[in-house]
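[1] Following is a predicted model, sequence given first.
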Amino acid sequence: MSDPVAKSETVLALPSNMMPSPVTFKGHTCSSLSVTYISRRKLVEVVDGLLGVMTPSSTCTKPYVHSGSDEVAADDTWMAKCPSALASFDQIIANAHGKKIALFLDYDGTLSPIVNDPEKAFMSPEMRTAVKNVTKFCPTAIVSGRSRDKVFEFVNLKELYYAGSHGLDILVSSTASQSKTNDDTEVKLFQPASEFLPMISEVNKSLVEATQSIKGANVENNKFCVSVHYRNVDKKDWKLVAELVDNVLKDFPRLKLTTGRKVLEVRPVIDWDKGKAVEFLLQSLRLDDPESVLPIYIGDDRTDEDAFKVLRERNCGYGILVSQVPKETEAFYSLTSPSEVMEFLNSLVRWKEEESPKVHDQE
Ligand SMILES: O=P(O)(O)OC[C@H]1O[C@H](O[C@H]2O[C@H](CO)[C@@H](O)[C@H](O)[C@H]2O)[C@H](O)[C@@H](O)[C@@H]1O
């Protein structure tokens, strides 16, 4: 299926009020975002740290199950700190009473299960239906580390807003707000790291060359960032992968390294992340009034913590961590798996349908 958003993006001559000329946000324009350089020593420290996180921690891997009718909580402390969003559903909706819920969804590990081959991280048709249904009631955005095109290919719903490359590539389409028909689609693009595109292509090439001899290593070009996967690499070679990536980055002082789930992520050093992307979307969609909007962000990865933190610090919404093990997190609630995410989305839809039956009946 073709991407209607991408199509309109390329064929439309956008009026000036729709960009993609520089967009201003928090006093920054695309072309004037501040760039922070990190020293070589700092980079080495980061890689040393990475080698630590590449090895599963023995202190924080106790599996748990949510306490339901016939399940027993394996870790009461964790459940007290980060309760199940399903078990706490009534509390969540009580706080959403009279408000619109703005929903932010990570992709990998949240809407699709983690699999060995990143090209095969498909979401189930049932999950797609759940996401589509929830968009009838809640403005919903996908916020992913993947390139925006790739995550659109997987999700394939025009009813959503999309932020790819960890929020470095945001597309706001009027097809998501349901205020326009497909014929007069308006799109707004925000790409605060556009000047890094040639550098990202170059580093992608270097990373492919550097890791080609490592069996199982896989480099994924996510347009404004690059992922180096080591999930399928023999554990004894994980350190070598980190060293090779570090070595490549010596030539790219304006790029930095972060970590995800068995993945090293190379990104521009600009001060931008999924948290900033959420703030940007809330503001540009006029959803930034905490009196009338409750934002909920669901994600499973370290990069999602930036968004959880923003919601916690603004005291305006909830982060929900998807994890089977206790973790240090800024999220308020937890879910154990994409299946539980789907259950949560379906519960939101049921609640909204009961709250506003007329909207549903008109369908
Ligand atoms: O922000 P996200 O949407 O969660 O993207 C983060 C990274 O997700 C993908 O990698 C992860 O999922 C893969 C498929 O299940 C898995 O094989 C890999 O080990 C995980 O790290 C994606 O491939 C990366 O590019 C994203 O940065």
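    Perfect, I can see it now.
[2] thought residue 200 was touching residue 224?
    Yes. Checked against CB atoms under 8 Å, the pair residue 200 and residue 224 is within contact range at 6.1 Å. C-betas here are computed from N, CA, C, even on glycine.
[3] shared neighbours of these two, anything?
    residue 268 (CB atoms under 8 Å, 6 or more residues apart in numbering).
[4] how near is residue 322 to residue 87?
    Counting by CB to CB, to the nearest Å, the gap from residue 322 to residue 87 is 15 Å.
[5] actually residue 251, sorry about that
    Distance from residue 251 to residue 87, by CB to CB: 50 Å.
[6] Compare neighbour counts for the two and give me the winner.
    residue 87 (15 against 10; other CB atoms under 10 Å).
[7] helices and strands around the lengthiest helix in the chain, which ones?
    Counting residues, the longest helix found in the chain (DSSP state H) is helix 338-355. Contacts defined by 3 or more CB pairs under 8 Å, 6 or more residues apart in numbering; DSSP states H and E place helix 338-355 against helix 89-95, strand 100-105, helix 125-135, strand 318-322, helix 357-361.
[8] For the ligand, what is the nearest residue in the protein?
    At 2.8 Å from the ligand, residue 145 is the closest residue in the chain, using CB to the nearest ligand atom.
[9] Which secondary structure element is home to residue 266?
    strand 263-268 (DSSP states H and E).
[10] Contacts (any at all) between the ligand and that strand?
    Yes. Using CB under 6 Å from any ligand atom, we find that strand 263-268 touches the ligand at 263, 265.
[11] need the residues of the stretch 101-250 of the chain near the ligand, please.
    So the stretch 101-250 of the chain meets the ligand at 106-109, 114-116, 118, 121, 144-146, 220, 222, 227, 229, 231 (CB under 6 Å from any ligand atom).
[12] For ChimeraX, what selects the buried ones among the residues you listed?
    Burial among those is assessed by 16 or more other CB atoms under 10 Å; the matching ChimeraX selection reads:
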select :106,107,108,109,114,118,121,144,145,146,220,222,227,229,231
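[13] which intervals of the stretch 101-250 of the chain have sub-threshold pLDDT?
    Along the stretch 101-250 of the chain, the model assigns pLDDT under 70 to residues 177-184.
[14] which stretches of it form helices?
    125-135, 148-155, 174-177, 197-211, 238-249 (DSSP state H, counting those that start in this stretch).
[15] could those helices go into TSV alongside mean neighbour count and distance to residue 257?
    Putting the helices of the stretch 101-250 of the chain into TSV (neighbours: other CB atoms under 10 Å; distance: least, CB to CB, whole Å) gives the following:
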stretch	mean neighbour count	distance to residue 257
helix 125-135	18	31
helix 148-155	21	21
helix 174-177	19	32
helix 197-211	17	11
helix 238-249	19	6
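[16] nearest to residue 343, of those?
    Of all the helices of the stretch 101-250 of the chain, it is helix 125-135 that lies closest to residue 343, at 8.6 Å by CB to CB.
[17] Can I get the closest one as CSV, trimmed to CA atoms?
    Presented in CSV, the C-alpha positions along helix 125-135 are these (Å, rounded to 0.1, in the frame of the first residue of the first chain):
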residue,chain,number,x,y,z
PRO,A,125,-3.9,-6.9,12.4
GLU,A,126,-5.6,-6.9,15.8
MET,A,127,-3.2,-4.3,17.1
ARG,A,128,-3.7,-2.1,14.0
THR,A,129,-7.4,-2.2,14.6
ALA,A,130,-7.0,-1.3,18.2
VAL,A,131,-4.7,1.7,17.2
LYS,A,132,-7.1,2.8,14.5
ASN,A,133,-10.1,2.6,16.9
VAL,A,134,-8.4,4.6,19.5
THR,A,135,-7.7,7.4,17.0
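[18] So which residues make contact with it?
    For helix 125-135, the surrounding residues in contact (CB under 8 Å, 6+ apart) are 103, 105, 111-112, 123, 140, 155-157, 159-160, 176, 338, 341-342, 345-346, 348-349.
[19] Just want the angle from it to strand 100-105.
    Orientation check (axes from the mean of the first three to the mean of the last three CA atoms, to 10 degrees): helix 125-135 against strand 100-105 gives 150 degrees.
[20] Return the distance of helix 125-135 from the chain's centre.
    Centre-to-centre, helix 125-135 and its host chain are 17 Å apart (CA atoms, centre = their mean, to the nearest Å).
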